[in-house]
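In: coordinates only, sequence not included:
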DNA sequence: GCCATTACTTACATTTTTGTATGTACCATA
DNA sequence: TATGGTACATACAAAAATGTAAGTAATGGC
């Protein structure tokens, strides 16, 4: 996430593979906590602390990191209110919202797949 | 990929997060080379060597590892012909094929998203 | 006997991701 | 002056994913 070596084969492969829009899309939501975050923001915007409470086991560090990436990638917007103690709200962007129907399809596929696996 | 420590927080989180079918699905195709492989098998089955040739930059090791996981997860089937030199063919399973329409949606979303980003 | 071909395997190194623990700024209130 | 709440940041450690380099088995053809 942080501190990537720009010249590594690893990094170069990651970049070149994202030429494909499917791979690109999956990379955007591939971080461990990104989908859990997006799901929580689906219905309404939420504060940092709310996300932390709802998403069990996530640490503040990971929540921050993943939110920053989602923001950089244009899936989530961040609103800071000049208050003390601070208040920061996160919300899906238009692009983020447009991803939700695709998630629904993934959900369907995953559910069906899990069921079929369990039969064996 | 190989050698995971069963008791690590990391692993435990990975597992618990897959309760959600969306996250579960994304995990199945999340490996670096899995989507490139799946895309290649979309139209027709292919031999190990063909995949290696077509997917530029993939190493034999990574191709093997990712194919093994795709097989274990029921997305790809493996057929070994008792010949020398060996011939092994890989093919999408029913489940794998059913994922393709979802990939198409992801593709659309990714393409649109990329376009919008490039405007800024 | 030697070589070529194919689909791997193995040992190891590097890079990336994730987790742990602790510290910070801000100001209102006690 | 001390305390509490919020949303972080930072240094470090562990784990996981990926990459590199070399080797293997099998057999048909030279």
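Out: Ah, there it is. All figures in this text were calculated on a predicted structure; none of them were measured in a lab. Numbers count the residues shown, from 1 in each chain, chains lettered A, B, ... in the order given.

In: Where do the helices of chain A begin and end?
Out: Assigned by DSSP state H, chain A shows helices spanning A:9-17, A:21-28, A:34-41, A:48-54, A:60-72, A:94-119.

In: so how far is the fifth one from its chain's centroid?
Out: Counting by Cα atoms, centre = their mean, to the nearest Å, helix A:60-72 is centred 8 Å from the centre of its parent chain.

In: Give me the residue at the spatial middle of chain A.
Out: Closest to where the C-alpha atoms of chain A average out (Cα atoms, centre = their mean) is residue A:34, at 2.3 Å.

In: Let me know how buried residue A:48 is, in neighbour terms.
Out: Residue A:48 has 17 neighbouring residues, counting by other Cβ atoms under 10 Å in any protein chain shown. From N, CA and C alone the C-beta is placed, and that goes for glycine too.

In: re earlier: tell me if I'm right that the residue nearest to the centre of chain A and residue A:68 touch.
Out: No: between residue A:34 and residue A:68 there is no contact under Cβ atoms under 8 Å: 11.1 Å.

In: Please tell me the pLDDT value assigned to residue A:5.
Out: In this model, residue A:5 is scored at 45, pLDDT.

In: One more: residue A:119?
Out: pLDDT, residue A:119: 78.

In: For residue B:27, see how far away it is.
Out: For residue A:119, the distance to residue B:27 (Cβ to Cβ, to the nearest Å) stands at 20 Å.

In: More neighbours: those two, which one.
Out: The residue with more neighbours, out of residue A:119 and residue B:27, is residue B:27; 19 against 5, by other Cβ under 10 Å.

In: Quick check: closest non-adjacent residue to the more buried one.
Out: Nearest residue to residue B:27 in three dimensions, chain neighbours excluded: residue B:18, at 5.8 Å (Cβ to Cβ, 6 or more residues apart in numbering or on different chains).

In: now do residue A:86
Out: Nearest non-adjacent residue to residue A:86, counting by Cβ to Cβ, 6+ apart: residue A:80, 7.2 Å away.

In: quick one: pLDDT of that neighbour?
Out: At residue A:80 the predicted local confidence, pLDDT, stands at 96.

In: thinking again about what came up before, turn the helices of chain A into a markdown table, including distance to DNA strand C.
Out: Shown next, in a markdown table, are the helices of chain A (distance: least, Cβ to the nearest atom of the strand, whole Å):
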| stretch | distance to DNA strand C |
| --- | --- |
| helix A:9-17 | 3 |
| helix A:21-28 | 8 |
| helix A:34-41 | 8 |
| helix A:48-54 | 12 |
| helix A:60-72 | 4 |
| helix A:94-119 | 17 |
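
In: how about low-confidence regions in chain A?
Out: In the predicted model, chain A carries pLDDT under 70 at residues A:1-6, A:120.

In: So which bits of chain A are right by DNA strand D?
Out: Chain A comes close to DNA strand D at residues A:9-10, A:13, A:47-49, A:52, A:60-61, A:64, A:67-68, A:78, A:80, A:84-88, as judged by Cβ under 7 Å from any atom of the strand.

In: Quick check on residue A:44: phi, psi?
Out: Torsion angles at residue A:44 (phi, psi; degrees, to the nearest 10) stand at phi -160, psi 160.

In: quick one, what contacts the nearest residue to residue A:42 once chain neighbours are set aside?
Out: Excluding its sequence neighbours, the residue lying closest to residue A:42 (Cβ to Cβ, 6+ apart) is residue A:100, at 5.9 Å. Counting by Cβ atoms under 8 Å, 6 or more residues apart in numbering or on different chains, residue A:100 makes contact with A:38, A:42, A:92.
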